[in-house]
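In: All I have is the shape, not the residue letters:
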């Protein structure tokens, strides 16, 4: 079972009643570093961007816990260690044009935008996108375009992108999305079905050449309208 703020025990909640800077330090040192996130740029950014400001008010005491926090519309924030692992895998550069599918609270969008030239972030739920816009504005993050639409198949009309990152999983890789990468670009997506899914990095090496690597196993809730594996009847 995925641990969320809704099934956190009372003793675990009580243990999080500590100053935010201490809780943030513990999150980075005890959760994120121990999950093989060692990139100093990523660790510094996770310390700099206040995660608690992107968490619904009723869950702010759990902003640094190793859980998925509900943000409304049946969606959750990813756990902090997974957010860190994704950033490390992508190696975001200041020249990068990034496509982010699944804006959610706007926290991952903020992390990406702090490192990239520009981020186009797509969210299917208008209320979540509006809240994310407020969160990003409060932190003066301006190099972001927020779109309210179904981004399951990427944004072919705005390609190419240097990086494409999905923060919802998909049973199979969406057709055509890897072709929206610029040469030298990378796609991060969690593929498969639970309980064990594969965090996958696809790199475009040339016009027709790609490299695909499984980075680690995890579990991430499925993206709305994610493409499904074909089924055959005999």
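Out: That came through, no problem. Here the structure is a predicted model, which means the values were calculated and not measured.
In: Verify the contact between residue 122 and residue 98 for me.
Out: No. If you go by C-beta atoms under 8 Å, residue 122 and residue 98 don't touch, sitting 11.3 Å apart. For the C-beta atoms, the positions are set from N, CA and C on the backbone; glycine is no exception.
In: Okay, buried residues for the strand ranked longest in the chain please.
Out: Using DSSP state E to define each element, the chain has its longest strand at strand 181-191. Neighbour counts over strand 181-191 (16 or more other C-beta atoms under 10 Å) mark 181, 185-191 as buried.
In: do stretch 225-232 as well
Out: With burial defined by 16+ other C-beta under 10 Å, the residues of stretch 225-232 counted as buried are residue 226.
In: do the same with stretch 149-164
Out: Across stretch 149-164, burial judged by 16+ other C-beta under 10 Å covers 151-152, 154-155, 159-164.
In: packing partners for the following helix or strand past the longest strand of the chain?
Out: Next in sequence after strand 181-191, counting helices and strands by DSSP states H and E, comes strand 197-204. With contacts taken as 3 or more C-beta pairs under 8 Å, 6 or more residues apart in numbering; DSSP states H and E, strand 197-204 sits against helix 80-90, strand 181-191, strand 210-218.
In: Next secondary structure element downstream of the helix or strand hosting residue 21?
Out: For residue 21, the element it lies in under DSSP H and E is helix 20-26. Next helix or strand after helix 20-26 toward the C-terminus (DSSP H and E): helix 40-48.
In: which parts of that next one are buried?
Out: Per 16+ other C-beta under 10 Å, helix 40-48 contains these buried residues: 42-43, 45-46.
In: and residue 151, what is it in contact with?
Out: Shown in contact with residue 151 (C-beta atoms under 8 Å, 6 or more residues apart in numbering): 99, 101-102, 122-124.
In: Equivalent analysis for residue 108, please.
Out: So residue 108 contacts 78, 83, 86, 100, 102, 165, 167 (C-beta under 8 Å, 6+ apart).
In: Can you flag the buried ones in the residues you listed?
Out: 78, 83, 86, 100, 102, 165, 167.
In: Can you check my assumption that residue 100 lies in a strand?
Out: Yes. Judged by DSSP: H, G, I helix; E, B strand; the rest coil, residue 100 forms part of a strand.
In: one step back: mind putting the helices and strands packed on strand 197-204 into CSV with mean pLDDT and distance to residue 38?
Out: What follows is the helices and strands packed on strand 197-204, written out as CSV (pLDDT from 0 to 100; distance: least, C-beta to C-beta, whole Å):
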stretch, mean pLDDT, distance to residue 38
helix 80-90, 97, 8
strand 181-191, 98, 18
strand 210-218, 97, 14
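In: Throw these into a markdown table and include distance to residue 225, thanks.
Out: Listed next are the helices and strands packed on strand 197-204 as a markdown table, based on distance: least, C-beta to C-beta, whole Å:
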| stretch | distance to residue 225 |
| --- | --- |
| helix 80-90 | 21 |
| strand 181-191 | 14 |
| strand 210-218 | 21 |
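In: Tell me which of the ones you listed approaches residue 114 most closely.
Out: Across the helices and strands packed on strand 197-204, residue 114 has its closest neighbour in helix 80-90 (9.8 Å, C-beta to C-beta).
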